[in-house]
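Chemist: Got a sequence here, can you model it:
(2 chains)
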Amino acid sequence: MMTFLLKGVLRDRGRSLFPFIVVTTGVFLTVTLYCYIRGAELDVVRSNANLRHGHVKVVTRAYAKDVDQIPNDLALLGASAQIRDLEREYPDLEWVPRIEFGGLLDIPDAHGETRAQAPVAGFGADLRTPGSPEPGLLGLANILVAGRLPEASGEILLSAGLAERLKVGPGDVATLIGTTMHGAMSMANFKVAGTIRFGIGALDRMGLVADIADVRKALDMDDAAGEILGLSRDGLYRPDRLAAVAAAFNARFAGSGDEFLPVMQTLRDQPGMAMMFDRIRDVTNIILGVFLLAMSLVMWNAGLVGTLRRYGEFGVRLAIGEDKGRIYRSLVAESLMIGVLGSIAGTVLGLALSFYLQAVGINLAGVLKNVSFLMPIVIRSRVAPAAFVVGFVPGLLATLVGTGIAGRGIYRRQTAQLFKELES
Amino acid sequence: MKRLIPGLILLLAAASSAALLPARQVPAAAPSASVLLDRVDANAIAGNKILIAEMVIRGRRDSRSVKSKSWVQGADKAFTEYLEPAREKGTKMLKLGDQLWTYSPDTDRTIAISGHMLRQSVMGSDLSYEDMMEDKRLRQAYDGSVTGEEVVLDRPCWVVDLVSKTGDAAYASRKIRVDKERFIVLKEERFAKSGRLLKTFEVRRAKLVQGRWVAAEAVFRDVLKQGEGTVFKIESIEFDAAIPESLFTKASLRA
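Modeler: Below is the predicted model:
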């Protein structure tokens, strides 16, 4: 029976071509958008976790309160001991100290006078300790544009855009004018070791990366860290588990009002991140819902047209004794076949485009100017296992729903009129 | 801190900590504000002076002190060298009119401080470079009106409300308490254009030096910060001292 129906679907294009194209198109768009949104989510999580927030981060309570001001005067003191404790308690997380800072980068001329000056947003990370995970987390080797990574004390990396603007390159000297953790102005000379391009707007405009030891010296932050980041060793962000870890950590200090006690926050707690996660979930659901609804409506309409076209066929089948339920079920089975074939075709096409976008990406520089979290300029699709099946949800459901509603017309078919209709 | 001297000294020389006695009606015998401001300016602004001062910065977390020596000429020129702590030793600042440079021995660089950098804190204190740059005489920069009397540091004072004449002053308005006999500002509040209180200044101890009253110890507080303010203590001050003109040049910063 199924073979018979399948032959009908394949041979009678008038019956199957339009629904097939609708399902294929809908599934293609669903798979492509799903992969792209998933890619965007993973890119944003990776960028924000590795570059700025970690999967969790430990800061002082006071620092957490004014975190948008990067209040290094409220930094964690005795960072080495705190990291040792965290490593002992949470061995599945990698703990690294970071210091974010802002300031001016001043480029001297031959006489030591200011030749160029620009604001910088920098951070200090452990770049030089052998075995430090930081160069890997930051992906520095992959984003190096010119020069090399810092090897000696006092060497920094500048974002390529900033270096271009200031007309400096590897080997040049730059003076960082910043603020110590005591609030005083600080001046420190650095040598540009190399230039980098993060592919992230803000960092590429004014980014500076230095070894944390040099930053501590420049900002008078001996053994201090603005933040201690914790990253899962397998690189995966597990929001529920990490929220529980953070809650348990914070519960230990719940009884004290000391504003310099540590507090642990998850990536989701960081500015803009919760909204981003929620929005991605909402958008994914909306996309699936919209395609499901739209395709259902189209398939319903296609089913109605098909039922009208096959009005005579149904009359004959009823007249020779086939019952209405059987005809209805055969119609649904046909639509299911079209749904499967369309979903397969749409998934194949969607995956093909997604694999391409996974390699090439889409440059969104023009629309990412005011986001509150780090956002890569080029967003790439990510083909996850779920992408192979996600298109089947709207693909099959829409055809079933559309045909199921349209097929109800079979039950209203009157055989008494059949011969009159055939004669006419 | 040395740079502090022109702007702050003006104030320091006139300010002090206080116990107050509000009595808001303007007495019939009140002098005109312009006369009062002239007397305050005359007491605060000297020809030449050399002073050694200590700044105790009481932050949210800890306290630290910074010592400096300043050479000041009038209200326009000042040269400051930091003596302590070791990290700041050798850092110098030069103010010439409305220009300010800082020299850091670690970098061997001289940097002009301008634009938003002027709003930065001086050595982490409650004083900004902008505060330091205030070099106009009060009478020049502000319109004043005597609005009452108060007792500050057991001294009877006139309360004078000041409003910026030009709008380019760091503070749109100020309320000062001027010692009726010594013409030193003993207490002050500084406000933004919106009326928000930004800084407070209170003299704790005033002393007479070579015929002038100076604030030997005062607390300057940025109320937008959560620290307890910065205490300025003048260790020594010498008026009409001989200061070589060459000191007020950029070359002297690296000397």
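Chemist: any weak-confidence spans in the chain?
Modeler: With no chain named, the answer covers chain A. Within chain A, the segments meeting pLDDT under 70 span A:1-2, A:4-6, A:8-10, A:13-15, A:303-308, A:364-377, A:413-424.
Chemist: wait, I meant chain B there
Modeler: Applying pLDDT under 70 to chain B flags residues B:1-28, B:135.
Chemist: By proximity to chain B, which residue of the stretch 101-250 of chain A wins?
Modeler: A:Gly183 (3.2 Å; Cβ to the nearest Cβ). C-beta coordinates here come from the backbone N, C-alpha and C atoms, glycine included.
Chemist: Identify the residue nearest that residue in space, chain neighbours excluded?
Modeler: Excluding the flanking residues, the one nearest A:Gly183 by Cβ to Cβ, 6 or more residues apart in numbering or on different chains is B:Gly124, at 3.2 Å.
Chemist: Please, which helix or strand holds the residue of the stretch 251-400 of chain A found nearest chain B?
Modeler: Using Cβ to the nearest Cβ, the single residue of the stretch 251-400 of chain A nearest to chain B is A:Phe260, 6.9 Å away. Assignment of secondary structure by DSSP states H and E places A:Phe260 within no helix or strand.
Chemist: What of A:Leu292?
Modeler: Using DSSP H and E, A:Leu292 falls in helix A:273-309.
Chemist: tell me which residues in that helix are buried?
Modeler: A:273, A:276-277, A:280, A:284, A:287-288, A:291-292, A:295-296, A:298-304, A:306-307 (16 or more other Cβ atoms under 10 Å in any protein chain shown).
Chemist: ok, which stretches of chain B are helices?
Modeler: Counting by DSSP state H, the segments of chain B that form helices are B:4, B:10-12, B:33-44, B:129-133, B:138-141.
Chemist: For chain A, which residues are neighbours of chain B?
Modeler: Counting by Cβ under 8 Å from any Cβ of the partner chain, the residues of chain A close to chain B are A:62, A:73-74, A:104, A:106, A:108, A:112-114, A:175, A:177, A:179-180, A:182-185, A:187-189, A:220, A:260.
Chemist: what about B:Asp154, how many neighbours?
Modeler: 8 (other Cβ atoms under 10 Å in any protein chain shown).
Chemist: tell me the phi and psi of it?
Modeler: Dihedral pair for B:Asp154: phi 60, psi 20, per degrees, to the nearest 10.
Chemist: What of A:Thr175?
Modeler: phi -100, psi 120.
Chemist: now it, nearest residue through space, not along the chain?
Modeler: Nearest to A:Thr175 is A:Asp106, by Cβ to Cβ, 6+ apart, at 4.4 Å.
Chemist: Count the residues that sit near the one you found.
Modeler: 23.
Chemist: what pairs with it across the strands?
Modeler: A:Gln117, A:Thr175 (DSSP bridges).
Chemist: same question, B:Lys233
Modeler: B:Glu54, B:Glu217.
Chemist: so how far is B:Met55 from it?
Modeler: Distance, B:Lys233 to B:Met55, using Cβ to Cβ, to the nearest Å: 8 Å.
Chemist: ok, those two, which is more surrounded?
Modeler: Using other Cβ under 10 Å as the criterion, B:Lys233 and B:Met55 rank with B:Met55 on top: 25 against 17.
Chemist: check contacts around that one.
Modeler: Shown in contact with B:Met55 (Cβ atoms under 8 Å, 6 or more residues apart in numbering or on different chains): B:1, B:4, B:65-68, B:123, B:125, B:230-233.
Chemist: Could you report the separation of the residue of the stretch 101-250 of chain B found nearest chain A from B:Leu83?
Modeler: Distance from chain A to each residue of the stretch 101-250 of chain B (Cβ to the nearest Cβ) is smallest for B:Gly124, at 3.2 Å. For B:Gly124, the distance to B:Leu83 (Cβ to Cβ) stands at 16 Å.
Chemist: Tell me which of those two has more neighbours.
Modeler: Using other Cβ under 10 Å as the criterion, B:Gly124 and B:Leu83 rank with B:Gly124 on top: 26 against 19.
Chemist: tell me the contacts of that one?
Modeler: A:180, A:182-184, B:57, B:59, B:64.
Chemist: Redo those residues as TSV? Include neighbour count and distance to A:Gly404.
Modeler: Shown next, in TSV, are the contacts of B:Gly124 (neighbours: other Cβ atoms under 10 Å in any protein chain shown; distance: Cβ to Cβ, whole Å):
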residue	neighbour count	distance to A:Gly404
A:Thr180	20	71
A:His182	23	73
A:Gly183	24	70
A:Ala184	23	74
B:Ile57	25	77
B:Gly59	21	72
B:Arg64	18	78
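Chemist: Now, those residues that are in strands?
Modeler: Per DSSP state E, strands hold the following members of the contacts of B:Gly124: B:57, B:64.
Chemist: list the helices and strands the biggest strand by length in chain B packs on?
Modeler: Identified as the longest strand of chain B according to DSSP E is strand B:197-209. Secondary-structure packing of strand B:197-209 (3 or more Cβ pairs under 8 Å, 6 or more residues apart in numbering or on different chains; DSSP states H and E): strand B:185-191, strand B:212-222, strand B:229-239.
Chemist: any idea which of these is most buried?
Modeler: The highest average neighbour count among the helices and strands packed on strand B:197-209, using mean count of other Cβ atoms under 10 Å in any protein chain shown, belongs to strand B:185-191 at a mean of 25.
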